[in-house]
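[1] can you look at this prediction? I've put the sequence above it.
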Amino acid sequence: MRLSFAAGLFWMSVAFCVVAQYLIVRSVLRTHHVPEPGAPPMPRQRGWVELLWALAPAVGLGVLLFFTWRAVQRNSVPSPLPPSSAVQLPA
């Protein structure tokens, strides 16, 4: 498979999105609020809701990347038909 500019740009974007999503999920999982002594009690955080809202965009992004890859592949395959503007010379 020949690597085109569009394919290279696509895979570079995928890599950046994966790294960004990893950092988002990691920050959601590692967030722990330690209250100061004597501070009023804070409501309990709902970690699973935060994780769901961090993963929902990842699923949407995965769907978007899937359809983008299909479009890149469809446009990179050369058409078997000659261009309509080609001039045909008499034999």
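    Cool, got the structure. Numbering: from 1, shown residues only.
[2] can you check which helix is longest in the chain?
    Looking across the chain with DSSP state H, the single longest helix is helix 47-76.
[3] what residues sit buried inside it?
    By neighbour count on 16 or more other CB atoms under 10 Å, the buried set for helix 47-76 is 54, 58, 65. For every residue, glycine as well, the C-beta is placed using N, CA and C.
[4] ok, those residues vs Gln21, which is closest?
    Nearest to Gln21 among the buried residues of helix 47-76: Ala58, at 4.8 Å, using CB to CB.
[5] where does the residue nearest to that closest one when sequence neighbours are not counted sit: helix, strand or coil?
    Once flanking residues are discounted, Ala58 sits nearest to Gln21: 4.8 Å by CB to CB, 6 or more residues apart in numbering. Secondary structure, DSSP: H, G, I helix; E, B strand; the rest coil: Gln21 is helix.
[6] tabulate the buried residues of helix 47-76 in JSON lines, adding columns for distance to Val28.
    Output for the buried residues of helix 47-76, formatted as JSON lines (distance: CB to CB, whole Å):
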{"residue": "Ala54", "distance to Val28": "5"}
{"residue": "Ala58", "distance to Val28": "11"}
{"residue": "Leu65", "distance to Val28": "21"}
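[7] which of those residues lies closest to Trp48?
    Nearest member of the buried residues of helix 47-76 to Trp48, counting by CB to CB, is Ala54, at 10.6 Å.
[8] how close does that closest one get to Phe16?
    17 Å (CB to CB, to the nearest Å).
[9] next: Ala39.
    Ala39 is 39 Å from Phe16, by CB to CB.
[10] neighbour-wise, which of these two wins?
    Neighbour count, other CB atoms under 10 Å: between Ala39 and Phe16, Phe16 has more, with 10 against 7.
[11] listing request: residues of this structure with sub-threshold pLDDT.
    Low-confidence segments of the chain (pLDDT under 70): 1-2, 31-35, 42-45, 77-91.
[12] the same query, at a cut-off of 90, please.
    Scanning the chain for pLDDT under 90 picks out 1-10, 24-55, 57, 68-69, 71-91.
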